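Trainee: model the structure of this input:
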Amino acid sequence: MLNVSVEFGDDVKELIKNMKEKYGDIIIILGHGCCSPTEPQIYRASDFIVGSDYVEVGRVDDVPFYIERNLAESYNGWVLTLRVEPLNGAVDDSFSLDVLEGVRLRLGFKAMKVSLSKNLSMKLPQ
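Mentor: Numbers count the residues shown, from 1 in each chain. All right, here's what the predicted structure looks like:
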């Protein structure tokens, strides 16, 4: 079972709100493709067919965040942190809608905290 979670701040909420107003239903995709697996792509929901090789790992202000299954498995046990960064005048050849706003949605990582019950017991093989 996948255990991936997504965190984001007000900067991401504001970007998503503006993009939904401008483009309608949107989705966030993270996959291998031609781009780095640390650069989520934002598409109109009608412009991307989410295949069975993708899994939804969370919602970003009610926008589904899909990750390619094998990539999601490698991120199992991690918290994916989203942030907005300016393009700083750089040319970005991404198909992602955020570049039209002069920014990029970026991905960071942090280890997920796991807490175990004090009453947990395990038998070791003999």
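Trainee: every contact and neighbour count from this point should use C-alpha atoms.
Mentor: Will do.
Trainee: so in this structure, which helix runs the longest?
Mentor: If you go by DSSP state H, the chain has its longest helix at helix 10-23.
Trainee: run through who's touching that one.
Mentor: Residues from elsewhere that reach helix 10-23 (CA atoms under 8 Å, 6 or more residues apart in numbering): I26, R44, V60, D61, V63, L82, R83, V84, D98, L105.
Trainee: sec struct for the residue nearest the centre of the chain, please.
Mentor: In the chain, the residue lying closest to the centroid (CA atoms, centre = their mean) is F65, at 5.2 Å. Put simply, F65 is strand when judged by DSSP: H, G, I helix; E, B strand; the rest coil.
Trainee: what does the one 5 residues further on give?
Mentor: Using three-state DSSP, the secondary structure recorded for N70 is helix.
Trainee: ok, it - how many residues close by?
Mentor: Other residues near N70 come to 14 when the count uses other CA atoms under 10 Å.
Trainee: for W78, see how far away the residue nearest to it when sequence neighbours are not counted is.
Mentor: Excluding the flanking residues, the one nearest N70 by CA to CA, 6 or more residues apart in numbering is D53, at 8.0 Å. Separation of D53 from W78 (CA to CA, to the nearest Å) stands at 20 Å.
Trainee: and those two? Which one has more around it.
Mentor: W78 (19 against 12).
Trainee: just checking, that one touches K110?
Mentor: Yes. Using CA atoms under 8 Å, W78 is in contact with K110, at 5.9 Å.
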